[in-house]
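**Student:** For reference, the sequence and a predicted model appear below.
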Amino acid sequence: MSKKIKKIGVLTSGGDAPGMNAAIRSVVRTCAYHNIECIGIYRGYQGMIEGDFKELGPRSVNNIVNKGGTILKSARSKEFMTIEGRKKAYQHLLNSEVDALVVIGGDGTFTGAEIFNNEFNFPVMGIPGTIDNDIFGTSHTLGYDTALNTVVEVIDKIRDTASSHNRLFFVEVMGRDAGHIALNAGIGAGAEEILIPEEDLGLDRLLESLQKSKASGKSSSIVVVAEGDKMGKNVFELKDYVEEHMPEYDVRVSVLGHMQRGGAPSCFDRVLASRLGVKAVESLLEGKSNFMVGMLMDKVSLTPLEKAIKGKSEIDKELLRVSDIMST
């Protein structure tokens, strides 16, 4: 990759996450700092296929560091999954004299970037943006910390009503394949039980735990459930099962849904986005490509995109133990 980079494109793809705007701002301003141009690509890979580009300068990204969502919009693109679609995207990049790409998103976004790099030898760098925190090679993805704070705040409010009415609440949080949100927010909000896809608690153990809580004098309980919990039952089936076996409980369900993705990013996510954006641009300028920038041991580091996609983000076993002790 001997070609000198003069213009970098930036896009957001997949699910939005708080901190994406802060990352866009960081990429744009790092480009300006190094006297290179930056092009915003709207609607992810679909916008790349359609040539939906706009030049971005330092003033274009004023007052977005505190905003959730993404000013570049996000879309899933079936057309980009075809070689014809990717050829169209490549042609638009060439026509606009874009030399490299920074893509902000999750697994699907990185998979698209890696394929694109392999086919056209086009320099790419990934920034992990997903509230699920399920990407290998970084301790935190953009939006994860904000989502945790949102969930804890909501559970605190639910606990007020649970205590007032002697109710058991099942609170479903996002995390289809990873229980990071459920585990951390559950501990932070003092949940009695936490159900995550990585651990199969089993219905009998859940009942046993709730009965123990009841016997110890707890008149209300909060159970945090990741949407992909391994029990194989959705949260409403869990409610029916507990009501059937513990009729003394008035059971309610609260599905937090997309509110977890919204809102102003936390300070942590804003700083993380700023650090990752700088590293992404400067790594491209150093001739590096096909990496994801992430945070490991509080240091910004590079992980090959292939590893980031195929590696598994592990749940913290120590946190599971802490959760068990805290629910005593």
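**Tutor:** Sure, I can see it. Residues are numbered from 1 along each chain as shown.

**Student:** did I read that right, Leu238 in a strand?
**Tutor:** No - using DSSP: H, G, I helix; E, B strand; the rest coil, the assignment for Leu238 is helix, not a strand.

**Student:** what sits opposite the residue nearest to it when sequence neighbours are not counted in the beta ladder?
**Tutor:** Leaving aside its sequence neighbours, Leu238 sits nearest to Phe170 (C-beta to C-beta, 6 or more residues apart in numbering; 5.8 Å). Placement of C-beta: from N, CA and C, glycine included. Listed beta-bridge partners, Phe170: Val223, Val253 (assigned using DSSP bridges).

**Student:** Neighbours of Phe170, how many?
**Tutor:** A count of neighbours around Phe170, defined by other C-beta atoms under 10 Å, yields 22.

**Student:** Could you report the separation of it from Glu192?
**Tutor:** According to C-beta to C-beta, to the nearest Å, Phe170 stands 11 Å off from Glu192.

**Student:** Quickly find the element holding Leu284.
**Tutor:** Here Leu284, judged by DSSP states H and E, is contained in helix 267-285.

**Student:** Tell me the buried residues in that helix?
**Tutor:** 268-270, 272-285 (16 or more other C-beta atoms under 10 Å).

**Student:** With stretch 287-297 instead?
**Tutor:** For stretch 287-297, a neighbour-count test (16+ other C-beta under 10 Å) marks 288-295 as buried.

**Student:** Check those and tell me the two furthest apart.
**Tutor:** Of all pairs drawn from those, the one with the longest distance (C-beta to C-beta) is Ser289 and Met295, at 20.1 Å.

**Student:** tell me which element the nearest residue to Phe80 once chain neighbours are set aside falls in.
**Tutor:** Excluding the flanking residues, the one nearest Phe80 by C-beta to C-beta, 6+ apart is Tyr45, at 3.8 Å. For Tyr45, the host element (DSSP H and E) is helix 44-50.

**Student:** helices and strands around that helix, which ones?
**Tutor:** strand 7-12, helix 83-95 (3 or more C-beta pairs under 8 Å, 6 or more residues apart in numbering; DSSP states H and E).

**Student:** What score does the residue nearest to Leu238 have for pLDDT?
**Tutor:** On pLDDT, Phe170 comes in at 91.

**Student:** wait, isn't it in contact with Tyr249?
**Tutor:** No - the criterion here is C-beta atoms under 8 Å, and Phe170 misses it with Tyr249 at 10.8 Å.

**Student:** Thanks again, I'm all set now.
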